[in-house]
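K.L.:
dropping the sequence and predicted coords here.
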Amino acid sequence: MRKPFVLVVDDNKITTKLMRRFLDGGEFDSDDAGDGVECLEKVALHLPDAIILDVMMPRMDGFETVSRLKADPRTQHIPVAIVTALNDMATQVRAVEAGADDFLTKPIEEKLLIAKARMLTSLGQERRRNEELTAELNALRSSIHT
């Protein structure tokens, strides 16, 4: 069985390296992107089971990135956790309004990251299965009515 795949998006290479070390410790496969633009490019090539996404990045910030992911029918099912050093209510509200599914606060704690990654990847895999089953059901309905 394949390991759940998590995409880590942060412009700080030390942060991405640390998070990937935590995730790749056994139960996850991961990759990283340096900003929102690169995130969207990588997601187009390989759909992750979850995305851990920093807020403050060049070219495209986390809010815009999650908005674009949630607006695209191909990627709207992917759970996204917003990572921020700004642990204030306004940032969290803005993240939820953009479509984020969860939050992580910097500095990242390994056990919490692993627990959230488990929950998010499980949710992502279930959402993907539901979409596939819905597509199959719709195809069956169409074939019955024709």
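P.N.:
In hand now; what should we look at?
K.L.:
tell me, how many residues neighbour V37?
P.N.:
16 (other CB atoms under 10 Å). Every residue, glycine included, has its C-beta placed from N, CA and C.
K.L.:
would you mind measuring from it to S67?
P.N.:
Separation of V37 from S67 (CB to CB, to the nearest Å): 14 Å.
K.L.:
packing partners for the helix or strand hosting A115?
P.N.:
Using DSSP states H and E, A115 sits in helix 110-145. Packing partners of helix 110-145 (3 or more CB pairs under 8 Å, 6 or more residues apart in numbering; DSSP states H and E): strand 5-9, helix 13-23, strand 50-54, strand 80-84, strand 102-105.
K.L.:
most tightly surrounded among the ones you listed?
P.N.:
strand 50-54 (a mean of 28; mean count of other CB atoms under 10 Å).
K.L.:
can you list contacts of that strand?
P.N.:
The contact list for strand 50-54 (CB atoms under 8 Å, 6 or more residues apart in numbering) reads 4, 6-12, 15, 19, 36, 39, 43, 62, 65-66, 69, 78-84, 100, 104, 113, 117, 120-121, 123-124.
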